[in-house]
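Visitor: Predicted model and sequence follow; I will ask about them next.
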Amino acid sequence: MSEEETLLARTAAEFAMRRLLPGAAERDRTGAFPTDEVLELGRMGMLAMKVTEADGGAGTSNVGYVLAMQALARACASTAVVVASSNLVGKILAEHATEAQRERWLGPFVRGELGPASFALTEPKGGSDAAAISTRARLDGDAWVLDGEKAWITSGTGAAFHLVFARTDGEGRDGISCFIVERGTPGLVIGREEDKMGQRASGTTTLALESCRVPVDCLLGARGAGYSIALSALGAGRVGIAALSLGIAEAAFDAGCGYAESRVVFGKALTEFQNSQFVLADTRTELDAAWLLTLRAARALDEGERAGAETSMAKLYATEACGRAVDRMVQLHGGYGYSREYPIERLYRDARVTRIYEGTSEIQRLVIAREIIRRAR
């Protein structure tokens with residue numbers, strides 16, 4: 001690790017333990033969006049880590065980003081996924097915004113003046129099919145008029161602006177465009193927060209667009225380039241979620257080790273039983289393997305590779321390993337693992353969605369297989 005990457009990881013870990021962990025259980029209970037904490041992260045530059053120094057950002061490497069994401073998720077996965085979504089938006093803005101858009105949105109966003117942003121691609125009937133977009137945008141004089149609905153939008157409640165993907169031409173992938181829609185725009189209706197199983201404080205909502213008018217200069221990138229814009233950030237997004245999963249898994253592993261060391265059964269600590277030792281050994285081995293895959297993918301991205309297979313392998317293996325690790329640690333806790341009195345119960349719920357969002361495990365397998373076949377030809 002470089003000195004900058006190590007410092008970023010340490011800074012993120014310190015903030016996570018000091019500001020995120022103490023309130024994580026209460027935010028999970030109430031579903032309250034971590035507004036103050038996210039605003040503070042914004043002022044620290046952590047909502048736009050991938051934005052280059054030329055645009056006012058830190059120009060964080062993908063390795064540095066992975067380390068920071070893991071540290072935040074170790075304390076609060078809900079806050080970490082808000083950070084992941086905002087960094088996705090920041091990367092896209094930096095790569096596709098005009099000079100006027102950089103001045104109006106990117107600059108204030110990078111400086112932490114706006115708070116979080118959302119990536120509004122998914123629709124109620126779309127799911128894993130990112131191109132199945134029915135939201136429409138039509139040009140009407142000096143404005144675009146958007147109509148449709150987005151679903152499962154992280155930070156929907158707290159975002160200062162949303163990157164909304166809508167169909168402007170035809171029915172194929174080439175007919176999708178990307179728009180910047182600010183909070184408070186007439187016709188933009190923020191739905192109720194989803195009452196989710198886990199990561200309950202991430203402000204996940206629907207977005208309804210009802211004759212929502214945005215100025216023509218809110219079109220981000222070229223007309224019809226929205227699908228490629230969305231795909232352009234997927235690699236970094238996948239390794240970010242892989243790291244988030246590892247944060248949850250590491251927190252669960254710490255909880256399991258601590259409980260096993262202190263719990264006495266039949267006159268012996270749990271750690272003295274061979275079964276417990278095997279559980280800890282298997283889990284540590286799997287998490288280390290997941291770390292290596294994640295860091296390999298992040299380094300490949302830093303070296304300019306497309307790394308489609310590598311990022312999908314990292315996301316697939318880290319999220320699946322996380323699920324196995326947390327499940328084992330619940331089992332190690334016995335009945336107490338099923339009680340909200342212990343943090344392992346929250347971690348179990350937080351872990352489940354990582355195999356679904358940012359591309360399901362099934363989608364990652366398809367991507368990996370496609371890359372294997374392509375490289376073999």
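Guide: Looks like it arrived, so ask away.
Visitor: Just the mean pLDDT for stretch 21-37, thanks.
Guide: In this model, stretch 21-37 has a mean pLDDT of 98.
Visitor: From Arg183, how far off is Ala143?
Guide: Here the criterion is Cβ to Cβ, to the nearest Å. By it, Ala143 lies 17 Å from Arg183. Backbone N, C-alpha and C define where each C-beta goes, glycine included.
Visitor: Likewise for Gly90?
Guide: 17 Å.
Visitor: So which of the two has more stuff around it?
Guide: Between Gly90 and Arg183, Gly90 has the larger neighbour count (other Cβ atoms under 10 Å), namely 24 against 17.
Visitor: so who does the more buried one touch?
Guide: Residues near Gly90 by Cβ atoms under 8 Å, 6 or more residues apart in numbering: 47-51, 57, 106, 109-110, 117.
Visitor: same thing with Leu8?
Guide: By Cβ under 8 Å, 6+ apart, the contact set of Leu8 is 49, 58, 60, 64, 67-68.
Visitor: Which strands or helices does the lowest-mean-pLDDT helix or strand in the chain pack on?
Guide: When each helix and strand of the chain is scored by mean pLDDT, DSSP states H and E, helix 226-232 comes last, with a mean of 93. Here helix 226-232 touches helix 77-96, strand 161-167, strand 176-182, going by 3 or more Cβ pairs under 8 Å, 6 or more residues apart in numbering; DSSP states H and E.
Visitor: which one of these lies closest to Leu332?
Guide: Proximity to Leu332, assessed across those by Cβ to Cβ, is greatest for helix 77-96 (20.1 Å).
Visitor: so that closest one versus strand 176-182, what angle?
Guide: Inter-element angle recorded for helix 77-96 and strand 176-182: 110 degrees (by axes from the mean of the first three to the mean of the last three Cα atoms, to 10 degrees).
Visitor: Mean confidence (pLDDT) on the helix or strand following the least confident helix or strand of the chain, please.
Guide: As assigned by DSSP states H and E, the chain's next helix or strand after helix 226-232 is helix 234-262. For helix 234-262, the mean per-residue pLDDT is 97.
Visitor: residues of helix 234-262 that come out buried?
Guide: Using 16 or more other Cβ atoms under 10 Å as the test for burial, helix 234-262 gives 234-253, 255-257, 259-260.
Visitor: Determine how far the helix or strand that it is followed by lies from the middle of the whole chain.
Guide: Using DSSP H and E, the helix or strand that directly follows helix 234-262 along the chain is strand 264-265. Relative to its chain's centre, strand 264-265 lies at 39 Å (Cα atoms, centre = their mean, to the nearest Å).
Visitor: picking up where we left off before, now the contacts of Leu8 as JSON lines including secondary structure, distance to Arg299 and pLDDT?
Guide: Shown next, in JSON lines, are the contacts of Leu8 (DSSP: H, G, I helix; E, B strand; the rest coil; distance: Cβ to Cβ, whole Å; pLDDT from 0 to 100):
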{"residue": "Met49", "secondary structure": "coil", "distance to Arg299": "16", "pLDDT": "97"}
{"residue": "Ala58", "secondary structure": "coil", "distance to Arg299": "18", "pLDDT": "92"}
{"residue": "Thr60", "secondary structure": "coil", "distance to Arg299": "14", "pLDDT": "97"}
{"residue": "Gly64", "secondary structure": "helix", "distance to Arg299": "11", "pLDDT": "98"}
{"residue": "Leu67", "secondary structure": "helix", "distance to Arg299": "12", "pLDDT": "98"}
{"residue": "Ala68", "secondary structure": "helix", "distance to Arg299": "15", "pLDDT": "98"}
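Visitor: Farthest-apart pair in those, please.
Guide: Between all members of the contacts of Leu8, the farthest pair (by Cβ to Cβ) comes out as Ala58 and Leu67, at 13.1 Å.
Visitor: Look at these two and report which has more neighbours.
Guide: Using other Cβ under 10 Å as the criterion, Ala58 and Leu67 rank with Leu67 on top: 26 against 19.
Visitor: Pretty sure that one sits against Glu4.
Guide: No. Look at Leu67 against Glu4 with Cβ atoms under 8 Å: they stay out of range, at 10.5 Å.
Visitor: Just the contacts of Gly90: which are in helices?
Guide: 109-110 (DSSP state H).
Visitor: any chance of the contacts of Gly90 in TSV, plus distance to Ala225 and neighbour count?
Guide: Formatted as TSV, those follow (distance: Cβ to Cβ, whole Å; neighbours: other Cβ atoms under 10 Å):
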residue	distance to Ala225	neighbour count
Leu47	24	28
Ala48	22	27
Met49	24	28
Lys50	20	22
Val51	20	24
Gly57	23	22
Leu106	18	23
Phe109	21	28
Val110	23	24
Ala117	19	30
